[in-house]
Structure formats: C-alpha cells, structure tokens
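Colleague: Take this sequence and fold it.
(one chain, ligands or ions: 1)
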Amino acid sequence: MEQIVQQIEAWKSEIDQLQISNATALEEYRIRFLGTKGIVKGLFGEMKNVPAEKKKEFGAVLNVFKQFAEEKFEAWKQQVSEGGEGESGLDLSLPADALPLGSRHPITLVRNRIVSIFQRLGFSVAEGPEIEDDWHNFSALNLPENHPARDMQDTFYVKNPETGGADWLLRTHTSSVQVREMEKGKLPIRIICPGRVFRNETISARAHCFFHQVEGLYIAENVSFADLKQTLYFFVQEMFGKDVKVRFRPSYFPFTEPSAEMDISCLICGGKGCNVCKHTGWVEILGCGMVHPKVLENCGIDPNKYTGFAFGMGVERITMLKYQIKDLRLFSENDVRFLKQFEGA
Ligand code: DAH
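Modeller: As a prediction, the model looks like this:
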C-alpha cells in the first residue's frame, strides 16, 4: 500500500505539470486517468488487496485523488471549450490533415519527357495492341519466319481462339505500331509509338521480360539520313543537356537500310571511361535507320516516291542513364523507398 500511495503522489505531480489546451490531449487524459480502464478505476480495484484495517484510510486517499483528477479535467474542459473548440472537441474551421499524395513512376516521367520533345518537332503519338500477330510484329518488318534476327526477340506466344494455334504473341517492340500506321495509307507519317513490350529474357539487373519503348517513324518525300541525325541530335540535347556528344555506328536491323546505333557520351564520367560505359566513354541509347523499301512495300507505300527514317529506344535505359539507376528490376518492384525519390521530379 505504501508503494501505491507513493505512486499516487507521483501521478498528482505529473498532472500538476500537464498543460492541456486541446480536445485531443484532453481526451487522452480522460481515457488514461478517468476512463473505464483508466488509472483511477484500477486503483479502486486494488482495494480488495488492502488489509481490512487499512481499507478506510486507503479509500480516503483514493477519493481525494479521484476528485483531484476530476477537477483538473473539468477545469481543462472549460478552458478548451472557451478556446473555440465545440462540445465534440471538433473544430471544423481547422484545415484538414493533408492526404499523402502519390507521384508519377520514373518510367512515366521519362516517357512523357521523350514524348513531349518529339511533339515539339511535330510528331504525334500512335498506339497499338500489346498482343500482336506475326505479321505486324515480324513479317511486315522484313523478318520472315525462320529469319535468324527473330532469335534476338524471342517472346511469349498466345493462343488465338480463331485458329486454335499459338499464332498470337506479345509484341517485342512497338515497331508493330509503325506497321499499323503505314497500313492506314495516310502520308506523310510522323509518329512516335510509346508502349510496353515483352521478351523471353532471364530477369537480371539489365534485362526484364517486359520493358518500355518509344519508337519513331517519319515518312514523306525526300526524307534523308541527315533528317534522322538532326532529329535525334535535337532529342538527345533536350533530354540530356547541350554538352552531350553523339556518335552513330553502322548496325543491322532487317527493317532499315542503312541501319545505325546511336551512342551518347557517358554522362557519369563525362567520356573519360567508367563502369557504366564499360570504359569506352560511350553508351548506346537507340537503334535507327532508313526504312527498308521492302517494309514500305509490305505496308502499301511506294518506295520510289517515299522515304523515311525510324528509330527505337528503351525507356528504362534512358531513365537509368538520366537518374543513374543501376538495377532495372527496381522499376517493377514497387518499393516506395525507391519511388518516393521521384516525387516532384
Ligand atoms: N525495334 C528495335 C528493337 O526493338 C529498335 C529499332 C531499331 C526500332 C531501328 C526502329 C529502328 O524503328 O529503325 O530492338
């Protein structure tokens, strides 16, 4: 009992030092000391453990403490309600708690940025299905069945309910959208095709079974390789800044001739050589070329009248370079600690 009496004294001085000026704190106090599971109730429950001859004395101590705690409560209650808060303790004139807002995914941010740069050059956005047929993803693009270049774009095949065969597939690039636009036969064409693409790849820091691309296509009379270079050079400067250098390396794509890959000077080391650029000073960012006459023909466009250029880039790649992200898997893991870093970007 001695101990309890001491504890009561301690609570008293704690209450004396409390400064309660709002309804929430007052309610907390009420629950702690005067609630049905509160301290005062608990003390009365101790009564049964007190020897009979001490019960009266202990009861008196408790009653004094109870009264003290209640008086304090009433006094604070008065103050709080005079302070403008209503009976309910709710002040409807206070601003609401801010809701936590989400933010855009880095892939979306960078895709939007790419799209808006090309829109300024007069390109418009074209979209197409993610489940494609063989023609739009491969054959029309000069990749006939058994062409070895198909190996580089192994994908997932889907059953076509009309034929019963697995002749649908998840598109491996958004070049299929270029085919669909060319087939519409409205020229000139100046489009970019952003979208999700799929490949049968082992998931690692550098590859995934799905990723995002932005491809572009410009077809008109007298379009030349010089137009291609200047367009892409403009894009890179807008995306990465005026100091970035570019170089074109000859390459091979079945749907373009000539074909090239474009590198930019490494942003991490400024071209001196580091891990990211594998000590070459350059990083590859896209494939491009002049649309192959066979592709134009396949899509019903006269290659003697029209020429065009095309290009395709991986959005993950550009994002990794722009924000120095080392592992591609971060983009699809939905870890808020990663995503939060792009708030307001
Ligand atoms: N489709 C190619 C790929 O996914 C990228 C590409 C290269 C697209 C050259 C083009 C192009 O339109 O002209 O690897």
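
Colleague: gap between the residue of the stretch 51-200 of the chain found nearest the ligand and residue 262?
Modeller: In the stretch 51-200 of the chain, the residue that lies nearest the ligand is residue 173 (3.4 Å; Cβ to the nearest ligand atom). The way it works is simple: take the backbone N, C-alpha and C, and place the C-beta from them, glycine included. According to Cβ to Cβ, to the nearest Å, residue 173 and residue 262 sit 16 Å apart.

Colleague: can you tell me which residues contact the nearest residue to the residue of the stretch 51-200 of the chain closest to the ligand once chain neighbours are set aside?
Modeller: Leaving aside its sequence neighbours, residue 173 sits nearest to residue 197 (Cβ to Cβ, 6 or more residues apart in numbering; 5.4 Å). Residue 197 sits next to 130, 170, 171, 172, 173, 174, 210, 211, 212, 213 when contact means Cβ atoms under 8 Å, 6 or more residues apart in numbering.

Colleague: Residue 197 pairs with what?
Modeller: Beta bridges link residue 197 to residue 211 when assigned by DSSP bridges.

Colleague: how close does it sit to residue 127?
Modeller: Distance of residue 197 to residue 127, given as Cβ to Cβ: 13 Å.

Colleague: In the stretch 51-200 of the chain, where is pLDDT below threshold?
Modeller: When residues are selected by pLDDT under 70, those of the stretch 51-200 of the chain lie in 83-89.

Colleague: where along it do the helices fall?
Modeller: Secondary structure of the stretch 51-200 of the chain, counting by DSSP state H, counting those that start in this stretch: helices at 55-82, 106-120, 134-137, 175-183.

Colleague: With distance to the ligand and mean neighbour count added, can I get those helices in JSON lines?
Modeller: Shown next, in JSON lines, are those (distance: least, Cβ to the nearest ligand atom, whole Å; neighbours: other Cβ atoms under 10 Å):
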{"stretch": "helix 55-82", "distance to the ligand": "66", "mean neighbour count": "14"}
{"stretch": "helix 106-120", "distance to the ligand": "13", "mean neighbour count": "17"}
{"stretch": "helix 134-137", "distance to the ligand": "10", "mean neighbour count": "19"}
{"stretch": "helix 175-183", "distance to the ligand": "5", "mean neighbour count": "23"}
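
Colleague: out of these, nearest to residue 144?
Modeller: Nearest to residue 144, of all these, is helix 134-137, at 9.7 Å by Cβ to Cβ.

Colleague: That closest one packs against which elements?
Modeller: Packing contacts for helix 134-137, counted by 3 or more Cβ pairs under 8 Å, 6 or more residues apart in numbering; DSSP states H and E, involve helix 175-183.

Colleague: which phi and psi does residue 286 have?
Modeller: Per-residue torsions, residue 286: phi -160, psi 160 (degrees, to the nearest 10).

Colleague: what's the answer for the one 4 residues further on, then?
Modeller: Reported as degrees, to the nearest 10, the phi and psi values for residue 290 are phi -90, psi 130.

Colleague: What degree of burial does it show, as a neighbour count?
Modeller: When neighbours are counted by other Cβ atoms under 10 Å, residue 290 registers 19.

Colleague: hey, what's it bridged with?
Modeller: Beta-bridge partners recorded for residue 290 (DSSP bridges): residue 309.

Colleague: show me what contacts it?
Modeller: Residue 290 is in contact with 225, 228, 256, 257, 258, 307, 308, 309, 310, counting by Cβ under 8 Å, 6+ apart.
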